[in-house]
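Participant: my questions concern the predicted model and sequence given below.
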Amino acid sequence: MDIPWADGRWTHDPVSAVEDGTDLLVTAREGSDAWRTTFYGFVHDSEHALLASFAQDSAVEVEFTATFSEQFDQAGVFIRAREDHWIKAGVEYADGRPQLGAVVTDGMSDWSLAPVPDWLGRRILVRVSRAGDALTVRASVDGGELQLVRVVPFPPDAVAEAGPMICAPTRAGLTVPFHAWRVTAPDGGLH
């Protein structure tokens, strides 16, 4: 089931969010990011995440085009239970190339990623399933087969929200076209 863009609420307003046909073109503020403490010692709570309720036994999908060129440009899915308990998963431009990964935060952030250099400028789908005591993150490019990104512990009774996310920690002018935001049934299994 598609979620209308107007049904979400922003964690922090972007510079702009303009509907263009069925797409939502979102421009991030310079310095926007989500991170808590680990290694860097700072807390950034300025991401642009468009959120709606994320129920147990469901999945959220976001599709976007990764038009990235500057360090830490990023887009994907953001799942938030509390100010200090959230997950972001998607593609981030780091060390000169696009990387597929996730940041899991429960008091402090961690970061996992893997290079996907051929994903630049292509249509990406990030899917997060919520079932049992876990979130399962998968992603694909151009309608291809979903690949496992991460399995994250997540309390089944937690009240959570999820939706599209964009950040531009190091520059102004990052605009990402989001093509779809939907809720589906969760994945049936891990393998």
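Facilitator: Good, I have the coordinates. Numbering: from 1, shown residues only.
Participant: check contacts around the residue lying closest to residue 173 once chain neighbours are set aside.
Facilitator: Closest residue to residue 173 apart from its sequence neighbours, by CB to CB, 6 or more residues apart in numbering: residue 27 at 7.2 Å. Just so you know, the C-beta spots here come from the backbone N, C-alpha and C atoms, and that holds for glycine as well. With contacts defined as CB atoms under 8 Å, 6 or more residues apart in numbering, the neighbours of residue 27 are 14, 15, 16, 17, 173, 174, 175.
Participant: most neighbours among these, which one is it?
Facilitator: residue 174 (27 neighbours; other CB atoms under 10 Å).
Participant: quick one: the residue nearest to residue 173 and residue 48, what's the gap?
Facilitator: Computed with CB to CB, to the nearest Å, the distance linking residue 27 and residue 48 is 9 Å.
Participant: now do the shared contacts for those two.
Facilitator: Joint contacts of residue 27 and residue 48 (CB under 8 Å, 6+ apart) are residue 14.
Participant: quick one on the thing from earlier: pLDDT, distance to residue 139 and secondary structure for the contacts of residue 27 - can I get that in JSON lines?
Facilitator: Putting these into JSON lines (pLDDT from 0 to 100; distance: CB to CB, whole Å; DSSP: H, G, I helix; E, B strand; the rest coil) gives the following:
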{"residue": "14", "pLDDT": "98", "distance to residue 139": "22", "secondary structure": "coil"}
{"residue": "15", "pLDDT": "98", "distance to residue 139": "26", "secondary structure": "coil"}
{"residue": "16", "pLDDT": "98", "distance to residue 139": "26", "secondary structure": "strand"}
{"residue": "17", "pLDDT": "98", "distance to residue 139": "23", "secondary structure": "strand"}
{"residue": "173", "pLDDT": "96", "distance to residue 139": "25", "secondary structure": "coil"}
{"residue": "174", "pLDDT": "98", "distance to residue 139": "20", "secondary structure": "coil"}
{"residue": "175", "pLDDT": "98", "distance to residue 139": "21", "secondary structure": "strand"}
